[in-house]
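> Can you look at this prediction? I've put the sequence above it.
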Amino acid sequence: MSEQDISLIAHLMRRAGFGAPLDELEARAAKGYEATVDELLDPESQPPMERDIMMRYKTEWLAQAGLEGQQEEWTFRMINSNRPLQEKIALFWHCVLVTGHAKCEYPKQQSMELDMFRTTGMGSFHDLLKELSKDPAMVFYLDNCMSHAGAINENWGRELLELFSLGVGMDGDFNYSEDDVKAAARAFTGWTVTNSIPRYPYGKYEAKFMYDPRDHDNEDKTFLGETGNFNGEDIVDIIVKQPATARFVARHLYNFFVADDVQVPAWKDTPPQDIEAIKLLEEEYFRSNYNITAMLRVLFKSEWFKNAKFAKVKSPAETVIGTLKLVGDYKFPRPGLDLMTMNIRYMGQDLLNPPTVEGWHTGREWIDSGTLVERINFTADQVGNTNHTGVKDIINRLSSVGPVLTAEQLVDGCLENLGGYRLADETRNQLVALANDDGEIRSDADNFSTRVATMLQSIVATTEYLFA
Amino acid sequence: MTSTKKDPVLVVLQLAGGNDALNTVIPYGNPKYFDHRQSVVVPEDQVLPINDQIGFNPNMGPMKKLYDEGHMAIVQGVGYPTGSRSHFRSMDIWHTCEPTKIGDEGWLGRVVRDLDPKAENVLTAVNFGRGLPRALVAPGVPAASVGDLETYGVLTGIDDVDQRLKALDVFSKVYTPMIGQGTVNDYLAHTGLDALKGADILSSAPAMYSSTVEYGSDTVSQYMRNIAQTHLAGFGTRVLYTTAPYNSFDTHAGQLAAHTRLWSETSRAVGDFYDDLQEHNAGQDVLLLVFTEFGRRVKDNGSGTDHGAGGHCFIIGEQVKGGLYGEYPSLDADKLDDGDLQFNTDFRSVYTTILEKWMGLDAKPIVGGEFEQLAFV
């Protein structure tokens, strides 16, 4: 198999999952790129997480009373799931269809929402919006339980249109009016949740979705040009057939899986950078009846995806999970994962607790002088730890190159093991000079593992490594 | 501020978790306090009296001293309309000044932008702790975040000093040529070099510092010491921030023991910080704000207290006009708001006072409106 295959598989696994160590990449490359895409798109073909083992060691995950426990469980799943794209799609929808711990009566409700993203998030967008409209975490987060016939609360109606489906506008025009927001809010009156309090004496428990017909506005509404006595389902039916929704889903998939786009609020007036790619995804959206897996198949098998290596700044979750997968740590739910998980927060992505209903800004906005130091130091600490099995594997593989390595072999070998990274010539020259600094590189020398580790640390500190 | 020549500096200490207002500044003269607090109660004879109605928690000796000397203002019953009992939401409100919608820009981020619009000093704002508090986050505003000043830096995981210096040399060499390679690379390169520069400057602070003050070993004490070190090093830092870690003031259970430890540590940290600045004749430029996101329920739950509303905040400094501000919220049953203290001073009044009278900034765009100014500066 050619080198090209490995680096292409590495690219696919970074995007459709959280990266993989070299031996896994080689095994997948042996099966072939197309077969790997098809396997990733069929998560049910792979075994699920062994929930009983997780819960035996982490009984607190059953209760998930707080934010940190939920973050820890999700981190464990992202590291270890045999269905990497299923976890990646849950992360994708969490970043788009936002709820936040800051406004959540019963924290576990958000983990239940993630489960919904896992099962529904790769199916029809139509189904997904219906499930989302009934998701107790969302109903509470966006106040639909406070919206009543005759006294609407527009929060859900507005964000459904603005942030979860149509988007504010496209090609310079607005996608909906204020009257559409009110009509949507009226149609969703009566969509509420059962009471999840009190806290005492038995602790909080989950809320369930509840439709209260007595609190539903039964008058006619006009929504996006159609008139009728609409209920919530009707609104979703109308939304999903809009060209703006196809654009919205396509652009989000592109921004998350292919290449960094401008921030979402700028989409109304800034056209997509690759309109041909977006049009293909839009066509597939309608052709497949709004099916996300079908859209992803087009995406992953396209040339524009394959040519988009390192066109995205890694998110904090991708950085931390990718690094832990690479070094082979936390394959088992051992103590310390909670503290490890906190690094995602320190780098600026407090999972399940995004700054606003807009979610996180992406791309270069992940990086500031504080988060950059966190990112570099965390990654360098992990890849520099020669006790990690994944780091040992890299050292062993490099030592099998021969008794003496050239500086170039050391640098390029480390780059390959990190997932086929490429450096600017000037950067690579600097690292070669650094590798040469301590004389001949002998793989049987005592300092060999330290020299490999230092090289890995220097590479993960480069700007190139900030990208995926 | 009249006598200061140097730029005014704001230090913020956040008591994360929701400090229990009733057992901090204790209304021991009000029999209703003892009615509401059957278990989680401080006996009258232990209270450090401020007057015949209220007094400090017995573990707040060092802060009482500052109060008695006239260097500490207590703003009583601080809060905001439509109180939220969620930690995160309430903390967001204090951080973004947006009580009715979810805001994305921190008030101190806006302050830093006003102070240093071209982002010329990478250390205009420094946070001590892991991850930036939302108060300091604003697009394009640099803020350093320091987990441990003694070991702060880039690539600190490379143990061998020589190797690390070489790797850092490579780091600066590989980031520099990225400048001019498109906007994203340009931005990343500048950020990387800023981080390196900030770390370099900051790491020189501990060596420049010596003091007879011995701080406690708890996290807040160590961070207050780091703040003193950074201020004394003269890097031009104008906003310094730290947070009591892990929501430690969230005392749902075992409150009496926990609160005793928390306030003996925190009060000592504040007192030591004040003494340290005095020893270095550097206290006249510094104002310290101590706040918490909400108070706790008026009635205890047998072992602790649950989330409530209406807290106190403290403003401390040589230039502060000490004393009591606002009114102590009533404990009368008909004056409670669903079992909570009613606030009477909007937290944005506190911010506005600090911004206008201390920092010399226009507060309106920062706090999002016009709020009454208090007299503590």
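Nice, I can see it. Numbers count the residues shown, from 1 in each chain, chains lettered A, B, ... in the order given.

> Does the residue nearest to the spatial centre of chain A belong to a helix, a strand or coil?
When Cα atoms, centre = their mean is applied to chain A, the residue found nearest the centroid is A:Leu91 (3.2 Å). Of the three states, A:Leu91 takes helix according to DSSP: H, G, I helix; E, B strand; the rest coil.

> Neighbours of the residue nearest to it when sequence neighbours are not counted, how many?
If the residues on either side of it in the chain are set aside, A:Leu91 comes closest to A:Ala317, at 6.1 Å by Cβ to Cβ, 6 or more residues apart in numbering or on different chains. Yep, even glycine has a C-beta here, placed from its N, CA and C like the rest. Here the number of neighbours of A:Ala317 (other Cβ atoms under 10 Å in any protein chain shown) works out to 25.

> element containing A:Ala317?
Per DSSP states H and E, A:Ala317 falls inside helix A:316-327.

> do B:Gly271 as well
helix B:255-279.

> Just the buried residues of that helix, please?
B:255, B:258-259, B:262-277 (16 or more other Cβ atoms under 10 Å in any protein chain shown).

> Then stretch A:405-418?
Buried-residue list, stretch A:405-418, by 16+ other Cβ under 10 Å: A:Leu405, A:Ala407, A:Gln409, A:Leu410, A:Val411, A:Asp412, A:Gly413, A:Cys414, A:Leu415, A:Glu416, A:Asn417, A:Leu418.

> So what's the residue count around A:Pro271?
12.

> repeat for A:Gly228
For A:Gly228, the neighbour count with other Cβ under 10 Å is 12.

> In strands only, show me the buried residues of stretch A:405-418.
Of the buried residues of stretch A:405-418, the ones assigned to strands by DSSP state E are A:Leu405.

> Can you lay out the buried residues of stretch A:405-418 as JSON lines showing pLDDT and distance to B:Lys173?
Below are the buried residues of stretch A:405-418 laid out as JSON lines (pLDDT from 0 to 100; distance: Cβ to Cβ, whole Å):
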{"residue": "A:Leu405", "pLDDT": "97", "distance to B:Lys173": "23"}
{"residue": "A:Ala407", "pLDDT": "97", "distance to B:Lys173": "16"}
{"residue": "A:Gln409", "pLDDT": "97", "distance to B:Lys173": "22"}
{"residue": "A:Leu410", "pLDDT": "98", "distance to B:Lys173": "18"}
{"residue": "A:Val411", "pLDDT": "98", "distance to B:Lys173": "15"}
{"residue": "A:Asp412", "pLDDT": "97", "distance to B:Lys173": "19"}
{"residue": "A:Gly413", "pLDDT": "97", "distance to B:Lys173": "22"}
{"residue": "A:Cys414", "pLDDT": "98", "distance to B:Lys173": "18"}
{"residue": "A:Leu415", "pLDDT": "97", "distance to B:Lys173": "18"}
{"residue": "A:Glu416", "pLDDT": "96", "distance to B:Lys173": "23"}
{"residue": "A:Asn417", "pLDDT": "97", "distance to B:Lys173": "23"}
{"residue": "A:Leu418", "pLDDT": "97", "distance to B:Lys173": "20"}
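
> Return the closest of the buried residues of stretch A:405-418 with respect to chain B.
Taking Cβ to the nearest Cβ as the measure, chain B lies nearest A:Val411 of the buried residues of stretch A:405-418, at 11.3 Å.

> With adjacent residues omitted, what lies nearest to that closest one?
In space, and not counting its chain neighbours, A:Val411 is closest to A:Leu431: 4.9 Å by Cβ to Cβ, 6+ apart.

> Leaving out sequence neighbours, find the closest residue to residue 212.
Since you didn't name a chain, this refers to chain A. Counting by Cβ to Cβ, 6+ apart, the residue nearest A:Asp212 is A:Gly190, at 4.7 Å.

> Correction: the question concerned chain B.
B:Thr212's closest residue in space is B:Glu279 (Cβ to Cβ, 6+ apart), at 6.4 Å.

> now that neighbour: how far from B:Met60?
22 Å (Cβ to Cβ, to the nearest Å).

> since we're on the closest residue in space to B:Gly236 that isn't next to it in sequence, how many residues are nearby?
Excluding its sequence neighbours, the residue lying closest to B:Gly236 (Cβ to Cβ, 6+ apart) is B:Asn121, at 5.0 Å. Neighbours of B:Asn121 under the rule other Cβ under 10 Å: 19.

> show me the contacts for B:Asn121.
By Cβ atoms under 8 Å, 6 or more residues apart in numbering or on different chains, the residues touching B:Asn121 are B:Phe235, B:Gly236, B:Thr237.

> Narrow these to just the buried residues.
B:Phe235, B:Gly236, B:Thr237.

> Please identify the helix or strand for the last one.
Assigning secondary structure by DSSP H and E places B:Thr237 outside every helix and strand.

> how close does it sit to chain A?
14 Å (Cβ to the nearest Cβ, to the nearest Å).

> how about the residues of the stretch 251-377 of chain B that lie near chain A?
The stretch 251-377 of chain B has residues B:Asn301, B:Asp306 near chain A, with proximity defined as Cβ under 8 Å from any Cβ of the partner chain.
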